[in-house]
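Engineer: Turn this into a structure:
(chains A and B)
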Amino acid sequence: MTSVVFIVDDDLALREALQSLLRSVGHVVEAFECTRDLLEHRQRLADAVGCLVLDVRLPGQSGLDLQRQLVADGILLPIVFITGHGDVPMSVAAMKAGAIEFLTKPFRDQDLLDAVHRALELDSDRRAAATALAALRGRFDSLTAREREVMALVAAGQMNKQIAAELELAEVTVKVHRAQVMAKMQARSLPELVRMADRLSADGRNV
Amino acid sequence: MLVSNSPPNRDQKFFALGVIAVLLGAMLLVAPFARNRLEGSEPMVLAYTAAVFTTEMITAALLLSLFAVQRSPAILVLAIAYLYSGFMAVPWALSFPTVLASLGLAEAGQQTTASIAAMRRIGCPLFLLAYAMLRGAREVPAGRLVPALIVGSIAAVAAVVAGVTWIILGNHDLLPRFVDDSRRITHVWMYVPVVALVLYAVLIVLLGLLGRSVLDLCLLVVICALTIDLFLLSFVSAGLQFSVGWWAGRLYSLTAASVILILLLAEAASLSARLARSAAAERRANEDRLVTLQAFSAAVAHEINQPLASMVTNADAGLRWLAREQPDVHEASAALTRIARDGHRAGKVVEGIRTTFSRRGEDHAQLNINQLIRDVLDCYRDECRAAHVVMQTDLDADLPWVPGNRVQIEQVIANLVTNAIDAMRSVTSGERVLLVRSTAMSAGEVIVSVADSGIGLPPEHADRLFQPFFTTKPNGLGVGLTVSRLILDAHGGRLWASENAPRGAVFHFALPCDGSPAALAKEPVR
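Structural biologist: Numbering: from 1, shown residues only, chains lettered A, B, ... in the order given. Down below sits the predicted model:
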């Protein structure tokens, strides 16, 4: 999937310059004059791997306001801020709210390109992790109640015999359940199953 | 302008007349009892003399310090009158028999006290007459002459009083018989009040009818008090020492001594209040100017920075398009086109600033540069006084008219004067002199130079002097000289700096003029 760099800057000249610079190194760029124009493409913001190059001072909603709104809406697009006159408190606020970088105009092209690169990498990693977790969750949901009980005890490090005693089952039945769990979770080894259990419990599942 | 120099208003005149009326009324009240002798009151003479002496010495000191600033000969003579009166009070008090006895000294001649009193009574109005005559006289030139005059006056008055006293003490027999053996005044004494009253009458005319200032009005009250004193003493109480009338005369005399002191103290108080107020106003105006300049430079910075940022980014983009494995000339030339466009945009911003400063036409007028200099210096008088800076001007009387924007040229002069004063603040040795000079040049230019005796121009700063935002002041913004140069550029003028001898700096600016020299004299001065 190709990544997209979104730009919001009210100055047409700078918008064109940024587009040209980012395209020259092979980025796909979409530029907007104000945050309202950007938010009309809300779905693309949520779906595409991308990042946002955002001017702080904008007509209407400011860049910092947009950052807050996106976080509140659950759109975790990494943001690179650019500003004509950045002061320290402003940049601290932006960075605390999760900005990748805070650049003062005129900036060095390499600084901007590095920041955009980092932002895209972060977004792509974040999306990959989210996809993997969703798949894991789907596999866990396919287990029966009994299989989940067995998985929890296996992940806790118990022997088959102990599990049988705990669940009042025959040891051979436990072995069958255990094989089912390994197959359904697509775990190739016991340590891998333990890691999956860890990640699921971090996600709030009762493993 | 000092209160003592300003003409009195209606209220002040009424107040003075009221005081005189009260003094006259008190005299009428005292008159019936004037000859009653107050037994045992003689030692009080020392206390009375101490009060008069102290009051008159403080008044003289204040008048001398006023003279040091105003350098008016009339004020000096007035100070001398108070010095003379105060000094003469000492031998007068000491010549009383009981006082001499209490000090263990031999009794003086019978005529001593009366002779000293006569010298004092005739001398004081003579000095006041000199004051009235000298009111319009030209100022004494500033410099060493002023302290010399002050010290010389004090020494001369002291010497005269000592000499007169010595002559009176050493020549008992030659003194006129002012009093008889029972210490009553004789007909000889009568010459004294008559001469004095004639002098007082002249003074009342000069100061009352022809009075010009609050100081004159107060002196009128003084003369009236002295007249009543003399009248009570010589005619009502018949010169009977230590009688009710005599003591009432002493009180009038003390009142006379205090009037000017009260005026000067009130003036000092109101002056310091006004000074504080005007200093505060000046500080506020400076802060306002600074805030305006800060807002202005922030706006300019943003307007210039925006095209600058896109030029840099376009240049970077163009380089990257060309550095690709297959250089994209089309994209690169598009980037170059945008750079040119942004350059023009930045140029327009600069052009806009320039026209703001030059706006030829409607607000350009023919300027009298000398008058502009005087107006600006008037605004800085208090600040100069506070910074102990002596302000001097050397203005060319034949200066031609100069076309220009009045507010802007004033701003340039004010910037240079502010810099000059600030440059002298840290100088601790030598005089602090601010000299503003105007010169008409034959080349159709007027040159104004502002010279100071401050820290001068450190060579390492010489080339950065006119750069924007360069400053050596802790709270400076560094735009004063930049703005000045912008204004002068817009007027077709020039601005430059040089060293002053023996120390300090001179800033010069030249403005082109199109009038013929001496044109100023013919046209009405605005």
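Engineer: Enumerate the residues of chain A near chain B.
Structural biologist: Contact residues, chain A versus chain B (CB under 8 Å from any CB of the partner chain): A:11, A:13-14, A:16-18, A:20-21, A:23-25, A:84-85, A:105-109, A:112. To be clear about C-beta, it is placed using only N, CA and C from the backbone, and glycine gets the same treatment.
Engineer: Sitting in helices, which of those do you find?
Structural biologist: The members of these that map onto helices under DSSP state H are A:13, A:14, A:16, A:17, A:18, A:20, A:21, A:23, A:24, A:109, A:112.
Engineer: If any of those residues are buried, put those into a ChimeraX selection.
Structural biologist: Buried subset of these, written as a ChimeraX selection, criterion 16 or more other CB atoms under 10 Å in any protein chain shown:
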select /A:13,14,16,17,18,20,21,23,24,109,112
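Engineer: now, which of the ones in helices among the residues of chain A next to chain B sits nearest residue A:167?
Structural biologist: Using CB to CB, residue A:112 is the member of those that lies nearest residue A:167, at 59.3 Å.
Engineer: Please list all residues in contact with that closest one.
Structural biologist: Contact analysis of residue A:112 by CB atoms under 8 Å, 6 or more residues apart in numbering or on different chains lists A:18, A:21, A:53, A:80, A:82, A:103, B:313.
Engineer: could you dump those residues to JSON lines with secondary structure and pLDDT?
Structural biologist: As requested, those are arranged in JSON lines below (DSSP: H, G, I helix; E, B strand; the rest coil; pLDDT from 0 to 100):
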{"residue": "A:18", "secondary structure": "helix", "pLDDT": "96"}
{"residue": "A:21", "secondary structure": "helix", "pLDDT": "95"}
{"residue": "A:53", "secondary structure": "strand", "pLDDT": "95"}
{"residue": "A:80", "secondary structure": "strand", "pLDDT": "95"}
{"residue": "A:82", "secondary structure": "strand", "pLDDT": "93"}
{"residue": "A:103", "secondary structure": "strand", "pLDDT": "92"}
{"residue": "B:313", "secondary structure": "helix", "pLDDT": "95"}
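Engineer: Spell out the residue ranges of the strands in chain A.
Structural biologist: Applying DSSP state E to chain A gives strands spanning A:4-8, A:28-32, A:50-55, A:79-83, A:101-104.
Engineer: can I get these in TSV with distance to residue B:134?
Structural biologist: TSV is the format used below for these (distance: least, CB to CB, whole Å):
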stretch	distance to residue B:134
strand A:4-8	81
strand A:28-32	84
strand A:50-55	76
strand A:79-83	71
strand A:101-104	70
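Engineer: could the ones you listed go into JSON lines alongside mean neighbour count?
Structural biologist: Formatted as JSON lines, the strands of chain A follow (neighbours: other CB atoms under 10 Å in any protein chain shown):
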{"stretch": "strand A:4-8", "mean neighbour count": "22"}
{"stretch": "strand A:28-32", "mean neighbour count": "17"}
{"stretch": "strand A:50-55", "mean neighbour count": "26"}
{"stretch": "strand A:79-83", "mean neighbour count": "24"}
{"stretch": "strand A:101-104", "mean neighbour count": "19"}
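Engineer: Out of those, which is closest to residue B:22?
Structural biologist: Comparing the strands of chain A under CB to CB, the one sitting nearest is strand A:79-83, at 76.5 Å.
Engineer: packing partners for the closest one?
Structural biologist: Other helices and strands packing on strand A:79-83, by 3 or more CB pairs under 8 Å, 6 or more residues apart in numbering or on different chains; DSSP states H and E, are strand A:50-55, helix A:63-72, helix A:88-96, strand A:101-104, helix A:109-141.
Engineer: Alright, that wraps it up for me.
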